[in-house]
Each structure stands twice: as C-alpha cells, then as structure tokens.
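Engineer: missing the sequence, but the structure's below:
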Ligand code: FAD
C-alpha cells in the first residue's frame with residue numbers, strides 16, 4: 001500500500017491551490033489520499049477537509065481518508081460530520097485525539113472525547129458509524145505525552161481493540177526505530193497493518209520545524225546532510241528526497257505493510273519519490 005497525505009490550505013490561501021495539487025497527486029495513483037483536519041480550526045476547517053476528500057473521491061475516483069480529531073468536538077458534531085462524509089460517499093476516517101493548542105490545560109476538556117480510542121469506540125457504537133473503516137495514529141518513538149513506552153503501547157492496543165483496522169505512523173527518519181516498534185506491537189498482540197509515515201525533508205526551515213515539533217531521532221548520515229546543505233535550497237531538496245527514497249527502499253525490502261507519504265501538498269516531491277520507488281513495488 002502506498003498512500004499520500006495532504007492538508008487543506010491555511011486560512012489566507014485559496015483552496016484552488018490545493019485543488020491543483022490534488023489533481024496532480026491523483027495522477028500518481030496512490031492507494032488513497034488522506035486529508036488532515038486541524039483540531040482547533042472550527043467549522044470552516046472541517047468543511048475544507050470534507051470538500052477536498054469529496055474532490056478526491058467523487059472527481060478523481062480515488063479512495064480517501066478524512067482525518068477526524070475529536071478533542072474539541074461533541075458527540076453531535078461527530079454524528080453530523082459522519083453524516084456529511086457519508087453523503088459524499090466517504091467511508092474511511094482517521095480517528096485522532098487531535099493536537100492541543102499551545103498553552104491548553106491538559107485537564108480542561110472542551111469536547112466529548114478525551115482519547116482517540118473514545119472516538120473510535122463512539123463511532124463503532126453508532127448505527128450510522130459501524131460501516132466506516134477506521135484508521136488511527138501510532139508513534140514509533142512514543143507519543144510525547146505518554147507516561148512510558150509501555151503505557152503508550154497498552155493504549156494503542158486499546159485503540160485497535162475498539163475497532164481500528166489500520167495504523168499510520170508518525171514520521172521517523174531511522175528505520176531501525178520503526179522495525180523495533182513493529183516488533184513491540186506484535187509482542188503486544190497488535191495485528192492490524194501499520195503503515196510507515198515518511199516525510200521527505202526538503203529545506204532547512206521545514207527541517208528545524210519538524211525537529212522542534214516531533215523530536216525524532218536523526219541518524220548521523222541525515223545530520224551530516226542537514227549540516228552540509230543547509231545554505232543551499234536546491235542541494236538540500238535533492239539530498240532530502242534521496243534520503244526519503246533510501247528509507248522507503250529499505251522499508252519495501254523489509255516487506256512493511258505500507259508507506260504513507262507526507263507530501264506537504266507537493267506533487268513535485270511525491271513524483272520524484274514515486275518515480276523511484278513504484279518500480280520496486282511492481283507498479
Ligand atoms: P491518542 O491515541 O488519544 O493518544 C494521545 C496520548 O494519550 C498518548 O500519549 C497515549 O499514550 C495517551 N493515552 C491514550 N489513551 C489513554 C488512556 N486511556 N489513559 C491514559 N493515557 C492515554 N492532529 C490534528 O489535529 N489533525 C490531523 O489531521 C492530524 N493527523 C495526524 C495524522 C497522523 C498519521 C499522526 C501520527 C498524527 C496526526 N495528528 C493530527 C496529530 C495527533 O492529533 C497528535 O499527535 C495528538 O497529540 C495525539 O493524537 P492520537 O490520536 O494519537 O491520540
């Protein structure tokens with residue numbers, strides 16, 4: 001399985017820019033394209049996600065997955081979103097807790113869903129939710145708020161047992177970390193497919209942002225690359241793409257369940273990568 005992630009435009013950017021990117025990405029024929037939904041974004045953000053998913057599904061006839069972060073939503077809002085998705089023939093959701101806004105008190109909860117597993121359980125408990133296929137997120141380097149790696153795995157298993165049929169991983173740059181995570185999930189009795197989340201690093205600014213946000217382990221060869229090319233955008237871009245291709249080639253050789261490419265809405269990046277790795281997958 002080889003899939004893409006896209007995100008709706010920022011508030012100031014026109015949606016047509018994303019439409020164009022989605023059109024070009026769909027020509028690369030991934031197995032599905034997932035569309036993010038900013039947890040703090042309100043009704044307009046939800047509408048943008050539904051609209052882009054609908055374009056993918058109904059105009060380009062491709063499978064799509066709508067991200068659904070429950071942290072600020074009520075049960076009624078989730079019911080209404082599921083109804084809207086169904087009306088557009090979109091039956092796949094990625095159930096998430098959602099990111100807290102900076103400074104939010106972890107003990108104050110605005111919505112009805114404290115954890116993603118609560119949302120998965122709720123969707124599966126609804127007559128109108130049972131036929132949705134539910135994916136969820138997982139963290140090879142442990143989620144930042146987890147009490148321990150063991151606790152994170154226990155809660156991941158709860159999320160799967162609640163009705164999740166596919167896991168998509170947080171980005172990582174060290175494949176060994178991912179392979180150890182696959183072993184740990186298997187030992188914990190988690191049997192659903194786990195797609196590896198790959199984000200190509202394409203410039204020094206994005207790289208600093210990602211490191212600050214996710215704090216992933218950066219292997220020595222990637223550290224060298226970042227140091228060598230940080231002042232040259234085009235060289236950084238080429239080296240970042242080459243690194244992502246190497247990562248994916250190794251993951252394919254190890255027969256992982258799938259790759260989920262964080263495209264950053266860039267058809268150029270996605271094409272450079274699929275051109276290199278699709279032949280290895282017989283596509
Ligand atoms: P959960 O599975 O609820 O886990 C959150 C934390 O709570 C973990 O530390 C877990 O160990 C802990 N936990 C879980 N259950 C329990 C329990 N019963 N008791 C105690 N602790 C528990 N965010 C968005 O806002 N929009 C998006 O579109 C989006 N897309 C994403 C896509 C992917 C593939 C990934 C990996 C992340 C995405 N995120 C998105 C970010 C995500 O919302 C954040 O990482 C968020 O902080 C956690 O979400 P989750 O669904 O993994 O939470």
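Structural biologist: Alright, I've got the coordinates. Computed from a prediction, not measured in an experiment: that's the story for all the values here. Numbering: from 1, shown residues only.
Engineer: doesn't residue 146 fall inside a helix?
Structural biologist: No - Residue 146 is assigned coil when assessed by DSSP: H, G, I helix; E, B strand; the rest coil, not a helix.
Engineer: distance check, the residue nearest to it when sequence neighbours are not counted against the ligand.
Structural biologist: Excluding the flanking residues, the one nearest residue 146 by CB to CB, 6 or more residues apart in numbering is residue 152, at 3.7 Å. Where C-beta positions appear, they are placed from N, C-alpha and C, glycine not excepted. In this view, residue 152 and the ligand are 4 Å apart by CB to the nearest ligand atom, to the nearest Å.
Engineer: just say helix, strand or coil for residue 152.
Structural biologist: helix.
Engineer: and the one 3 residues further on, by the same measure?
Structural biologist: Under three-state DSSP, residue 155 falls in the helix class.
Engineer: that one: what's it in contact with?
Structural biologist: Neighbouring residues of residue 155 by CB atoms under 8 Å, 6 or more residues apart in numbering: 115, 117, 146.
Engineer: how about a cut-off of 10 Å?
Structural biologist: Residues counted as contacts of residue 155 (CB atoms under 10 Å, 6 or more residues apart in numbering) are 115, 116, 117, 143, 146, 147.
Engineer: highest neighbour count among those?
Structural biologist: The member of the contacts of residue 155 that has the most neighbours, counting by other CB atoms under 10 Å, is residue 116 with 26 neighbours.
Engineer: go ahead and confirm it touches residue 136.
Structural biologist: Yes - with contact defined as CB atoms under 10 Å, residue 116 counts as touching residue 136 (5.6 Å).
Engineer: what touches both of the two?
Structural biologist: 94, 95, 96, 97, 156, 159, 162, 164.
Engineer: which of the residues in the longest helix anywhere in the chain are buried?
Structural biologist: Assignment by DSSP state H gives helix 233-253 as the longest helix of the chain. Across helix 233-253, burial judged by 16 or more other CB atoms under 10 Å covers 236, 237, 239, 240, 241, 243, 244, 245, 247, 248, 251, 252.
Engineer: need the residues you listed in JSON lines (columns: pLDDT and distance to residue 34).
Structural biologist: Output for the buried residues of helix 233-253, formatted as JSON lines (pLDDT from 0 to 100; distance: CB to CB, whole Å):
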{"residue": "236", "pLDDT": "97", "distance to residue 34": "26"}
{"residue": "237", "pLDDT": "97", "distance to residue 34": "24"}
{"residue": "239", "pLDDT": "98", "distance to residue 34": "27"}
{"residue": "240", "pLDDT": "98", "distance to residue 34": "22"}
{"residue": "241", "pLDDT": "98", "distance to residue 34": "21"}
{"residue": "243", "pLDDT": "98", "distance to residue 34": "23"}
{"residue": "244", "pLDDT": "98", "distance to residue 34": "18"}
{"residue": "245", "pLDDT": "98", "distance to residue 34": "21"}
{"residue": "247", "pLDDT": "98", "distance to residue 34": "19"}
{"residue": "248", "pLDDT": "98", "distance to residue 34": "17"}
{"residue": "251", "pLDDT": "98", "distance to residue 34": "18"}
{"residue": "252", "pLDDT": "98", "distance to residue 34": "20"}
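Engineer: may I see the residues you listed arranged in a markdown table, with distance to residue 267 as well?
Structural biologist: Output for the buried residues of helix 233-253, formatted as a markdown table (distance: CB to CB, whole Å):
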| residue | distance to residue 267 |
| --- | --- |
| 236 | 19 |
| 237 | 14 |
| 239 | 20 |
| 240 | 16 |
| 241 | 13 |
| 243 | 19 |
| 244 | 15 |
| 245 | 16 |
| 247 | 20 |
| 248 | 17 |
| 251 | 22 |
| 252 | 22 |
